[in-house]
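K.L.:
just a sequence and a predicted model for now, questions to come.
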Amino acid sequence: MYLTHLECPRCGKEHPADRPQNLCDCGSPLLARYDLAAVARAVTPEQIPLRPADLWRYREVLPVADPRHVTSLGEGWTPLLRAPSYGAEIGVTDLIVKDEGLIPTGSFKARGAAVGISRARELGVRRIAMPTNGNAG
């Protein structure tokens, strides 16, 4: 796995990535940091399209080392659609929108939830509660 640590964007404190974490001591959410040079050595851009068309195609920059822990409802690979009429109306000549309604949950938040649940499972977490906003849950 190429995940190196978690980092607080507010105070800069680094946290280990090998144990369950919540917020930084300063109250900020933590960001996952990766060894991107090692990722570049391990996989080329030409290899990515040869992988299955799902979220886990980008596994080197997702925080799950063991694929046995991947928990998924089929997130990913929703289409990009051209919207020329609406684009003209709002002044965007080549507007493209992503149809996230095709994800099994109907919400773009399913991607992040799948990654978070998979990582929590890998770290041995047995119970989880996740907040959401409005109908995106």
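P.N.:
Here it is on my side, so go on.

K.L.:
which residue packs closest to residue 58, ignoring adjacent ones?
P.N.:
Residue nearest to residue 58 in three dimensions, not counting chain neighbours: residue 48, with 7.2 Å by C-beta to C-beta, 6 or more residues apart in numbering. C-betas here are computed from N, CA, C, even on glycine.

K.L.:
quick one: that neighbour and residue 60 touch, right?
P.N.:
No - if you go by C-beta atoms under 8 Å, residue 48 and residue 60 don't touch, sitting 9.4 Å apart.

K.L.:
now for the residue nearest to residue 58, how many residues are close by?
P.N.:
Using other C-beta atoms under 10 Å, residue 48 has 11 neighbouring residues.

K.L.:
can you check residue 100 too?
P.N.:
That count, for residue 100 with other C-beta under 10 Å as the rule, works out to 17.

K.L.:
export stretch 119-133 to PDB, keeping only CA atoms.
P.N.:
Output of stretch 119-133 as PDB, limited to C-alpha atoms (Å, rounded to 0.1, in the frame of the first residue of the first chain):
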ATOM      1  CA  ARG A 119     -10.500   0.900   5.200                       C
ATOM      2  CA  ALA A 120     -12.400   0.700   8.500                       C
ATOM      3  CA  ARG A 121     -12.900  -3.000   7.900                       C
ATOM      4  CA  GLU A 122      -9.200  -3.500   7.100                       C
ATOM      5  CA  LEU A 123      -8.300  -1.800  10.400                       C
ATOM      6  CA  GLY A 124     -10.700  -4.100  12.300                       C
ATOM      7  CA  VAL A 125     -13.500  -1.700  13.000                       C
ATOM      8  CA  ARG A 126     -16.700  -3.700  13.700                       C
ATOM      9  CA  ARG A 127     -19.200  -0.800  14.100                       C
ATOM     10  CA  ILE A 128     -19.500   2.400  12.300                       C
ATOM     11  CA  ALA A 129     -21.900   5.400  12.200                       C
ATOM     12  CA  MET A 130     -21.600   7.800   9.300                       C
ATOM     13  CA  PRO A 131     -23.200  11.300   9.100                       C
ATOM     14  CA  THR A 132     -24.800  12.500   5.900                       C
ATOM     15  CA  ASN A 133     -26.500  15.600   4.500                       C
END
